[in-house]
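*Asks:* Using only what follows, build the 3D model:
(one chain, ligands or ions: 2)
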Amino acid sequence: MTTRLWAILPAAGVGRRMGSAVPKQYLELASRTVIEHTLELFVDHARIAGVVVALGVEDGYWEATAYATHPKVRRAPGGAERCHSVLNALAALDGQADADDWVLVHDAARPCLRLDDLERLIDGLLDDDVGGLLGIPVRDTMKRAGSGERIDTTVDRSSLWHAYTPQMFRLGLLRRALHEALEAGDLVTDDASAIERLGLAPRLIEGHADNIKITRAEDLPLAHFHLQRQGRI
Ligand SMILES: Nc1ccn([C@@H]2O[C@H](COP(=O)(O)OP(=O)(O)OP(=O)(O)O)[C@@H](O)[C@H]2O)c(=O)n1
Ligand SMILES: C[C@](O)(CO)[C@H](O)COP(=O)(O)O
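*Replies:* Ligands and ions are numbered 1, 2, ... in the order given. A predicted model of the protein is given here:
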């Protein structure tokens, strides 16, 4: 059986830091929702066998999206944290995906992912023993804060990267890694952290800095700008 690739979109967050009444993945971005922009790249990608979106149990927005009934997209119940949502989405592939298949976990809140970055990630990791993720090297001087928002120390930035998504790992390995992290009470904030807990070293693949995560209100117009510059809106 040839190894297949599946996309996992954690989309069950409430967007506290965004401070909007509507969860940020459903905010309007150039006449479509954020999640529809994010989904398009994966649904239209010939190498992606299927997409699982992890949705909040109270999600009342998904059914109105253009992908609610798309044959390539299925849903899974989100969880309390992102790591729970990802684990639930992996379980939704039971019976269809194999343990050696690749899963690409990508935040629904990152609509500006470029096709060439996605291709570079896939091509760069298909023969990798561990897997990896997109990221960018840190550009600013980094400070570690002490008490009272005073600088405790300046951190050597020469080997620091921002971790982005997609993060790409074999389904069986990621499932085991997340289970072990949760059993240890470690609510890992990204998928690579779970893999690192196993003593493995995911590969960092440099992408574009415009693959931003919409987190705060000021990120939405920035995402609009990036999509416009990419010629996608
Ligand atoms: N329990 C959760 C929490 C987050 N996510 C998803 O994980 C991605 C990254 O999470 P984040 O940016 O933190 O989103 P929120 O948790 O919604 O934001 P906040 O922390 O501000 O509430 C988002 O696509 C979000 O929908 C998820 O699927 N399940
Ligand atoms: C997965 C992630 O986007 C990598 O930077 C990040 O860890 C998500 O963190 P959040 O707190 O759930 O936004």
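
*Asks:* Mind checking if the host helix or strand of His37 is in reach of ligand 1?
*Replies:* Assigned by DSSP states H and E, His37 belongs to helix 34-43. No - contact of helix 34-43 with ligand 1 (Cβ under 6 Å from any ligand atom) is absent, the minimum separation being 8.1 Å. Heads up, the C-betas are built off the backbone N, CA and C, glycines and all.

*Asks:* Next one: that helix, is it in contact with ligand 2?
*Replies:* No - judged by Cβ under 6 Å from any ligand atom, helix 34-43 makes no contact with ligand 2; its nearest approach is 12.2 Å.

*Asks:* in that helix, what's buried?
*Replies:* Under the neighbour-count criterion of 16 or more other Cβ atoms under 10 Å, helix 34-43 has 34-39, 41-43 buried.

*Asks:* Near ligand 1, which residues of this structure are found?
*Replies:* 10-17, 25, 54, 78-82, 85, 107-109, 213, 215.

*Asks:* Just list what the helix holding His37 packs against, helices and strands only.
*Replies:* Helix 34-43 is packed against strand 5-11, strand 48-55, with contacts defined by 3 or more Cβ pairs under 8 Å, 6 or more residues apart in numbering; DSSP states H and E.

*Asks:* give the contact list for the residue lying closest to Pro111 once chain neighbours are set aside.
*Replies:* Among residues not flanking Pro111 along the chain, His37 sits closest, at 3.7 Å (Cβ to Cβ, 6 or more residues apart in numbering). His37 sits next to 29-30, 111-112, 227, 232 when contact means Cβ atoms under 8 Å, 6 or more residues apart in numbering.

*Asks:* Check Leu113 too.
*Replies:* Applying Cβ under 8 Å, 6+ apart, the residues contacting Leu113 are 38, 41, 106, 134, 165-166, 207, 211.

*Asks:* Tell me the most packed of these, by neighbour count.
*Replies:* Neighbour counts for these (other Cβ atoms under 10 Å) peak at Pro166, which has 30 neighbours.

*Asks:* Among the contacts of His37, name the buried ones.
*Replies:* 29, 111-112, 227.

*Asks:* what sits up against the top helix by length along the chain?
*Replies:* Across the chain, the helix with the greatest residue count (assigned by DSSP state H) is helix 171-183. Taking contacts as Cβ under 8 Å, 6+ apart, the residues outside helix 171-183 that touch it are 6, 83-84, 86-87, 90, 93, 97-103, 105, 130-131, 169, 187-188, 191, 193-195, 197-198.

*Asks:* Next step: the residues you listed restricted to helices.
*Replies:* Using DSSP H, 83-84, 86-87, 90, 191, 193-195, 197 are the members of these that sit in helices.

*Asks:* Write the PyMOL selection for whichever of those residues are buried.
*Replies:* In PyMOL, this line selects whichever of these come out buried by 16+ other Cβ under 10 Å:
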select buried, resi 83+84+86+87+90+191+193+194+195
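
*Asks:* ok, now which ones touch Ala192?
*Replies:* Counting by Cβ under 8 Å, 6+ apart, Ala192 touches 132-133, 163, 167, 202.
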